[in-house]
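# predicted structure and sequence below. I'll ask about it afterward.
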Amino acid sequence: MSIYIGNLSYQVTEEDLKLAFAEYGKVNSVQLPTDRETGRPRGFAFVVMETEAQETAAIEALDGAEWMGRDLKVNKAKPREERTSSRGGGGGGWGNNNRGRRY
């Protein structure tokens, strides 16, 4: 299981997170998603620690704590939900108004 950390400063780095969470145990991994267009962090991250007890200690200590000018939201990460297509039916192509036209 992993820990979700929300309301992060956009200046935070993976190394910052590793150091902060290392106070509560061994950090196995840090994932800091970035915006596809800007490359800037999206304001949240996921941390995986070695044991559930370490994760619980980190959550209890850091949820609501002020860090880098922001009040953190720290809790157990929820499993990722399957995404369904939000696009309507149809195959994309040409609409009905374009049938028979030559270009």
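Noted; the coordinates are in hand.
# could you list the low-pLDDT ranges of this structure?
83, 85-103 (pLDDT under 70).
# in three-state terms, label residue 47 for me.
Here residue 47 takes the strand state, with states given by DSSP: H, G, I helix; E, B strand; the rest coil.
# quick one, what contacts it?
2-3, 5, 17, 21, 27, 29-31, 58 (Cβ atoms under 8 Å, 6 or more residues apart in numbering). For the C-beta atoms, the positions are set from N, CA and C on the backbone; glycine is no exception.
# longest helix in this structure, please.
Using DSSP state H, we find that the single longest helix of the chain is helix 52-62.
# need the contacts of residue 47 in JSON lines with secondary structure and neighbour count, can you?
Below are these laid out as JSON lines (DSSP: H, G, I helix; E, B strand; the rest coil; neighbours: other Cβ atoms under 10 Å):
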{"residue": "2", "secondary structure": "coil", "neighbour count": "18"}
{"residue": "3", "secondary structure": "strand", "neighbour count": "25"}
{"residue": "5", "secondary structure": "strand", "neighbour count": "27"}
{"residue": "17", "secondary structure": "helix", "neighbour count": "21"}
{"residue": "21", "secondary structure": "helix", "neighbour count": "25"}
{"residue": "27", "secondary structure": "strand", "neighbour count": "21"}
{"residue": "29", "secondary structure": "strand", "neighbour count": "11"}
{"residue": "30", "secondary structure": "strand", "neighbour count": "20"}
{"residue": "31", "secondary structure": "strand", "neighbour count": "13"}
{"residue": "58", "secondary structure": "helix", "neighbour count": "22"}
